[in-house]
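Generate coordinates for the sequence data below:
(chains A and B)
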Amino acid sequence: MKNIYKMVVSCVLLVSLFMVSPCWGVTAMETMVKTTDEILIILESGDTHDVDVWQQQRKLVAVIVSKHFDMREMSKRSLAKYWKRRTPAEQDEFVLLYTKLIHNTYIERLRAFSGSKDGTKFGNEVVRGTKAVVSSVVWQNGKEISVVYKLYNKKGVWLVYDVVIEGVSLVRNYRSQFTQIIQKDGYEALVRKIQEKLKKNPVIGEHARLGE
Amino acid sequence: MFLFRVCQRFFLVVFVLFGFACVLVLPPLSMAADIDLEAMLDDDDDDFDDEDEDEDMAGSIADPFESLNRFFFQVNDKVYYWLVKPTGKVYSALLAEDVRVCISDAFYNVLSPGRIVNHLLQGRFSDSGAELSRFIINTTLGAGGLADPAGEEFGIARRDADFGQTLGGYGLGDGFYIVWPLLGPSSARDSVGMAGDYFLNPLLYGLKGRGDVATGLYVLKYENEGTLRGEQYETIINEAFDPYVALRDVYGQYRRGIIINRSKSGEITTKKPDPFVPERDCSEFTYANKYVNKVKARHYEQCRALRGSDEKLVRFSQAGKVYYGTRFPNLH
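Take a look at the predicted model:
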């Protein structure tokens, strides 16, 4: 009797284990470790301060970022309730703009990190359903900076939909600004502002890719 | 002699202004150690596209005095770019970054009593004890806190705490957003907190009657912090579509994050290891095993030695900086 009881419990535990992690292959943590390593290899392939070298590196980093970051989901979350009010064509256009924006800001930040970088240390991973958070610590100027990646599982692939640096979510920060602009001047004004911003700091657009 | 006096006064005023303005550049950053991932998943806003989530979407902190705040934001911003940044350039040219970090550490050390008390008030006795140990070790062995042997040799990490955080832990909300002229972003609660922390500053009592020395020290502190953290402020402003809203949101999210993590995690040292954490080897710093810090490089070697490796890190310099690594990452 006791044995049957034990077996049932272990079966339940076993099944629940698979329910917790819907992805049998690569875990969220492994995805992030690999992504970071890939980006690192690119950043260390040459001096990031050299403009020509950096242009090349930036393109390569953009490819990796596009592969692991779900720009459509990030756009959706940044526009929040205003996303649904856009037509599919407008949504696609916004995703493209947003992708370029992320490349412009996030990848430039990676460049800054590469100069004074001591290392990235991955901490914990918590998975719940199709979502996961992965924590890491980046050393910069002798200080620890907390970087947490939020990922979700899309058909067995972990995709990043938010980056939280020192408790400040990238997506929420954009949302607070986008909301303010849309409420005050409308959606068109926001699109104009993003285009202006991109013009000021032109960046590779060819790797900006539409999400599915 | 008169001219000297005038110059002295002038520089004092400039440095005071510089100092105060530098506070506008974000509070000290070190929440890395105790991030509560479960809380982050709880906090995940899956109802982000709800039609009636109106106020929440506007930002992480209420702002009833927006026009006044915007005015002082502009003032602070101008003070930073027109006064703080130019003076900071001279200061940075005079003192190397390493020296400035040491000075920053010393000020951080002096303010330990505030952290010790606030950890106690928040019921985190081991953190309070750790800060006390850090204070004693760094004040004696670390030459008044200029060096950080507590962290580097004894492995006792920094644990930040302030009175605003204590109040937040007791359940007091932000209240509303305030931009103080020269002091920068704050909230109703954190302003009360700043006042509380003021009385926990030992320099207030140690330098009683020596207003000039105290002012000089404060100026040095803020000048120093400004040169170390001005870049962060500039990044936020440059990347923003509405710099005012961006900074307000950063402040709100940052303070909220600290308080949620603190109040939920309790005693940080008792944190259980997560069952999903993969066993990582000594190369926990995945970035090419390259260290700036000699002590960390030594720890790495020791860790490898325990696993039967005789790997030694070599000292090399790249772009004027000294690193310790297993290979030369310079590939060009």
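
Looking at the chain, which helix is longest?
Just going to use chain A. Of all the segments assigned as helix in chain A under DSSP state H, the longest by residue count is helix A:88-116.

Correction: the question concerned chain B.
For chain B, the helix that runs over the most residues, judged by DSSP H, is helix B:211-239.

which secondary structure elements does the helix or strand just after that helix contact?
Counting by DSSP states H and E, the element after helix B:211-239 in chain order, helix or strand, is helix B:243-265. Under the contact criterion of 3 or more Cβ pairs under 8 Å, 6 or more residues apart in numbering or on different chains; DSSP states H and E, the helices and strands touching helix B:243-265 comprise strand A:168-169, helix A:170-185, helix B:37-42, helix B:66-79, helix B:163-169, strand B:177-180, strand B:184-187, helix B:211-239. Backbone N, C-alpha and C define where each C-beta goes, glycine included.

which parts of helix B:243-265 are buried?
The neighbour-count criterion (16 or more other Cβ atoms under 10 Å in any protein chain shown) identifies B:243-263, B:265 as the buried residues of helix B:243-265.

can you give me the helices in the stretch 1-150 of chain B?
If DSSP state H, counting those that start in this stretch is used as the criterion, the helices of the stretch 1-150 of chain B fall at B:2-22, B:37-42, B:54-58, B:66-79, B:85-94, B:97-110, B:112-121, B:125-140, B:149-152.

could you dump the ones you listed to CSV with mean pLDDT and distance to chain A?
Compiled in CSV, the helices of the stretch 1-150 of chain B are given as follows (pLDDT from 0 to 100; distance: least, Cβ to the nearest Cβ, whole Å):
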stretch, mean pLDDT, distance to chain A
helix B:2-22, 49, 16
helix B:37-42, 74, 4
helix B:54-58, 50, 5
helix B:66-79, 93, 10
helix B:85-94, 88, 13
helix B:97-110, 87, 6
helix B:112-121, 91, 16
helix B:125-140, 89, 14
helix B:149-152, 81, 10
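
Quick check: closest non-adjacent residue to residue A:132.
Closest residue to residue A:132 apart from its sequence neighbours, by Cβ to Cβ, 6 or more residues apart in numbering or on different chains: residue A:28 at 3.6 Å.

which ones are touching the one you found?
Under the criterion of Cβ atoms under 8 Å, 6 or more residues apart in numbering or on different chains, the neighbours of residue A:28 are A:125, A:127, A:132-134, A:149, A:151, A:153, A:158.

Show me the residues you listed that map onto strands.
Residues from those lying in strands, with DSSP state E as the criterion: A:125, A:127, A:132-134, A:149, A:151, A:153, A:158.

ok, so of the residues you listed, who is nearest residue A:60?
residue A:149 (20.0 Å; Cβ to Cβ).

residue contacts, the closest residue to that closest one other than its chain neighbours?
The shortest distance from residue A:149 to any residue other than its chain neighbours is 4.7 Å, reached at residue A:134 (Cβ to Cβ, 6+ apart). For residue A:134, the set of contacting residues under the criterion of Cβ under 8 Å, 6+ apart consists of A:28-29, A:32, A:122-125, A:148-149, A:151.

Determine which two of the residues you listed are furthest apart.
Using Cβ to Cβ, these reach their maximum pairwise distance at A:123 and A:151, which is 14.6 Å.
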